[in-house]
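**Q** What would the 3D arrangement of this be:
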Amino acid sequence: MCTEKGIDKPLFADKSIVGSYEPLFEYWRIAEKRGLEKPVIKSEDIEYVRKVLELKNRVNLLELLKALSFSMLERVNEEVAQEAYKQLGINLEKEEAREKIAKILAGWVLEACKTLGIISFKGWRLPTD
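**A** From the prediction side, this is the model:
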């Protein structure tokens, strides 16, 4: 994963679900300054999707995204999330900012699964609100 200028997505992401990773990149910058852990996707997240697909041949992408988002919440610091959005000119409540960062992480998991050939989908993207 790279957040250098000119790089607009993390490793294995393809932006087919997440339109912009800028809030996550801003979160990482703030977390690094504060000496906090940066939330990233893990192999366990990919395995979770793989297992869900083994149990069901077809899955509702929105339901899978919600389940992944919920599991990502524990990795996201609400104060850092709120500050990240504030730096981008967006004022959100702490919990809403935390949920949005978690949803970006969940979308990244699905994009990584697509890139790795674990899941297949097209024509769907996170709503921009």
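
**Q** Run the chain-centre distance for the helix or strand encompassing Leu62.
**A** Following DSSP states H and E, one finds Leu62 within helix 61-72. Between the centre of helix 61-72 and the centre of its host chain there is 10 Å, according to Cα atoms, centre = their mean, to the nearest Å.

**Q** what separates Leu62 from Gln87, distance-wise?
**A** Plainly put, Leu62 is 29 Å away from Gln87 if you go by Cβ to Cβ, to the nearest Å. Where you see a C-beta, it was placed from the backbone N, CA and C, and this is true even at glycine.

**Q** Compare neighbour counts for those two and give me the winner.
**A** Ranked by neighbour count (other Cβ atoms under 10 Å), Leu62 and Gln87 place Gln87 first, with 14 against 10.

**Q** Please verify my assumption that that one contacts Ile30.
**A** Yes. With contact defined as Cβ atoms under 8 Å, Gln87 counts as touching Ile30 (7.3 Å).

**Q** got any ranges where this protein has weak pLDDT?
**A** Within the chain, the segments meeting pLDDT under 70 span 1-6, 122-129.
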